[in-house]
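> Here is the input, now give the coordinates:
(chains A and B)
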2 protein chains.
Amino acid sequence: MKVQSSRDFKLQREVDYGTPEQNKAVKQIVADIKQEGDAALFRYTEKFDGAQVDSSNIRVTEEELKAAYNHVEDSFVAAIRAAADNIRAFHARQKRNSWMDLQPDGTILGQIIRPLQRVGVYVPGGKASYPSSVLMNVIPAQIAGVPEIVMVTPPATGGKEGIDPYILVAAAEAGVNEIYRVGGAQAVAALAFGTESIAPVDKICGPGNIYVALAKREVYGAVDIDSIAGPSEIVVLADDTAEPAYVAADLLSQAEHDEMASAILVTPSQRLADAVAAEVERQLRELPREAIARASVDNYGAIIVVESLEEGISVVNRLAPEHLEIVAQDPMALTGAVQNAGAIFLGPYSSEPVGDYFAGPNHIIPTNGTARFSSPVDVDDFIKKSSLIYYSKEALLRDGSTIIELARREGLEAHARAVEIRLENEAKGGVERGE
Amino acid sequence: MKVQSSRDFKLQREVDYGTPEQNKAVKQIVADIKQEGDAALFRYTEKFDGAQVDSSNIRVTEEELKAAYNHVEDSFVAAIRAAADNIRAFHARQKRNSWMDLQPDGTILGQIIRPLQRVGVYVPGGKASYPSSVLMNVIPAQIAGVPEIVMVTPPATGGKEGIDPYILVAAAEAGVNEIYRVGGAQAVAALAFGTESIAPVDKICGPGNIYVALAKREVYGAVDIDSIAGPSEIVVLADDTAEPAYVAADLLSQAEHDEMASAILVTPSQRLADAVAAEVERQLRELPREAIARASVDNYGAIIVVESLEEGISVVNRLAPEHLEIVAQDPMALTGAVQNAGAIFLGPYSSEPVGDYFAGPNHIIPTNGTARFSSPVDVDDFIKKSSLIYYSKEALLRDGSTIIELARREGLEAHARAVEIRLENEAKGGVERGE
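Below is the predicted model:
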């Protein structure tokens, strides 16, 4: 791992917008699903997943969901339950109430908070299937009060029954029982526009491959989508008190995700920098995903030596990392100066996987510098707000002429008249109701 | 205005994604600004606005800002101040605090709420310049605590001094003093990527023409953007107690916005339906923007007669209007059943322009059915959240094996080892710090 100074260090990764062919293919799939519904959905599922899915078997049955428990260890069920409890407890604190401001003149202003009505969660199949992501998408929606949460996940190639039992158990533990065995762009389009078998949703979330990402982008507007996640990042800001082996292990826990993942140490300690570099090399050689982690470390990893922790913070703010660990004498005291970081892990025991799986905060966090302006998934992502305005007669008589002035100033005469007609009629003693 | 039944009524309007030529032009402008900075910005400003702008005059001076007050009526200043006070009071109630959950084992979990650092507000020039929109974009950002709020607005064609004094006064009253006289796609790109004269922002908001909308879409990802607004909508749900002249005036206040605006009355009263149809025709003939309003009413307007107010609510939820007025015997009692509406106006005196200009809630509200999943602009649009995780040694020793099980289940060995190395070392009495 290269040790370098902070001057001129810049992390640059391109967002994958797909090839023209991929874009064209996705547009076609989405258009076909929109027009033909189930017929296209079943056809594409046979084509891409090699599975015979039809209206009789597209939905996972209660029996399959129960049977999945026979294929997983009891310890896994216990672990998922414990994680779900923590995730629920954390997200429950984000829940908000509608509010009203009742004024003495009878005017009422407020904001009504309501859950989205129906949310679709995409769960990738195969090796990239992560039970923890099921919890991280479903639980905030549940806490928000979303009454219908539905999951789609591709069947294994060549078979009908191919849904990972760990995914099914995670879904069941999260409380989802409407699950369809379809995946890819066709599943995203089915969620957005609905088919005979799948009712349309208001929002689609969850990770997927490039076809899934492009399909989400394509249907955005007809429904809401979550952000399209980029490769994962970690920045560790550490001083001399940090244990090099821990720091190296945490850097590698990001690097193993993806060849484009980025793991960066920022430290004022040359000694720590050198020790971590050596530890990364030592631990790398023992990793099952060594090739991926090594590519990540070589291309997007860095050890940056800075003059001070304060300069380190300014490097962090420039990078706006998804994950930030602060391992220093007094990590809490440094946190106030952090402007941009999706999740902040403090002290030697807050290893990033603690947050990925268990502590409670969401593990879906803005990547690629977008922590400058966006936030981890939370309950707010599954609500919508309506403004409430009840203006009293007294208030309108008082404020009407001001409103008319502002409307006329903008050349919107019909706006002005909508208020004026009320002022005129009320001056005449009010309109007579009826005929 | 057509009176019809609710069966088969469907509002359909296409979103404008621009012509291929417009898309190509915007991509070129954005690329040029990104690469050349000010040079391209000044060149495009001369080309499109016919104005000679350079680094010496691009920023509106304090003197110009002060001088603008000489060109507007005192009553306008008073009206803007009163509106700004109401908007501030409403949005101040949306402000949220960071929170922490301190657990007995020493673990701390929380959510840190921070303002975005720098926000750019686009303000259209010419006839579509709305002082009220300046307030509606700037004030929520201010309440959120955004330290730098900057405005861009195009100079009038053929002159350097051409910024509408009403816009400048609204900006000054809102507290914005960093204003640049540039507009169009080139201004959006300058805000996103920065030039020698304009520092880059984290988010761009505010309305604009198709070039501005396409440029916002193009730079999204590098910065955040607000939603891209569609044509305006109003649905009035009314019973026999409603005054036809008021209902007609409110429908027309939307219809005058845009030929694609949509104004719809939903009522169980055939008598009201007929009376409103007659009133719309009568009032239409007297409107200065008659042609626009008539096109809107003819193409996207409707009077829908339903069996009951309950059926009316279900039509409303299907339409998910930007603005909803409920004018009925007991409007509050109907509000609980409304699922989808951006802003809800209750009773005979809550004419929609009251909310557009004055009451306090934001007038930037989701259009085109997106109230199903999105919300009016508010303080939340100008904050970002960071998760905070401080895990204690005690907690890690307790939960470590569960975290390791979940990580191994997902095939992420380096995640497991990052925890395991700590458990092993702590079992040996902890690592020795330093050498």
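> Now do the SS call for A:S227.
coil (DSSP: H, G, I helix; E, B strand; the rest coil).
> tally of neighbours for it?
18 (other C-beta atoms under 10 Å in any protein chain shown). Where you see a C-beta, it was placed from the backbone N, CA and C, and this is true even at glycine.
> surely it meets A:S374?
Yes - counting by C-beta atoms under 8 Å, A:S227 does reach A:S374; the two are 6.4 Å apart.
> Please identify every residue contacting each of the two.
By C-beta atoms under 8 Å, 6 or more residues apart in numbering or on different chains, A:S227 and A:S374 have these common neighbours: A:P366.
> quick one: contacts of stretch A:69-81?
A:131, A:135, A:165-166, A:169-170, A:172-173, B:402, B:405-406, B:409.
> buried stuff in that stretch?
A:72, A:76-77, A:79-80 (16 or more other C-beta atoms under 10 Å in any protein chain shown).
> can you pull out the strands in the stretch 1-150 of chain A?
A:3-5, A:99-102, A:108-115, A:118-122, A:148-152 (DSSP state E, counting those that start in this stretch).
> Of all the ones you listed, which one is nearest A:L191?
A:L191 lies closest, by C-beta to C-beta, to one member of those: strand A:118-122, at 3.8 Å.
> element containing A:I163, please.
Using DSSP states H and E, A:I163 falls within no helix or strand.
> and the helix or strand where A:A407 lies, what does it pack onto?
In this assignment (DSSP H and E), A:A407 forms part of helix A:393-409. Contacts defined by 3 or more C-beta pairs under 8 Å, 6 or more residues apart in numbering or on different chains; DSSP states H and E place helix A:393-409 against helix A:413-427, helix B:74-92, helix B:131-144, helix B:352-357.
> re earlier: sort out which one of the buried residues of stretch A:69-81 lies nearest chain B for me.
Closest approach between the buried residues of stretch A:69-81 and chain B, by C-beta to the nearest C-beta: A:A79, at 4.7 Å.
> tell me the pLDDT at that closest one?
You'll see A:A79 listed with a pLDDT of 97.
> just A:G434 next, same as before
On pLDDT, A:G434 comes in at 39.
> Next: A:V15.
According to the prediction, A:V15 has pLDDT 69.
> and the lowest-mean-pLDDT helix or strand in chain A, which strands flank it?
None of the helices or strands of chain A scores lower by mean pLDDT, DSSP states H and E than strand A:3-5, at a mean of 80. Sheet pairing of strand A:3-5 (DSSP bridges) gives strand A:302-305 (parallel).
> So for the strand it pairs with, mean pLDDT?
Over the span of strand A:302-305, the pLDDT mean works out to 96.
> which residues are in contact with it?
A:1-6, A:9, A:11, A:264-270, A:273, A:276-277, A:315.
> continuing past it, what's the next helix or strand?
Counting by DSSP H and E, what follows strand A:302-305 is helix A:309-319.
> Let me see the mean pLDDT of the helix or strand following that following helix.
Note on helix A:309-319: by DSSP H and E, the next helix or strand toward the C-terminus is strand A:323-327. Computed over strand A:323-327, the mean pLDDT rounds to 98.
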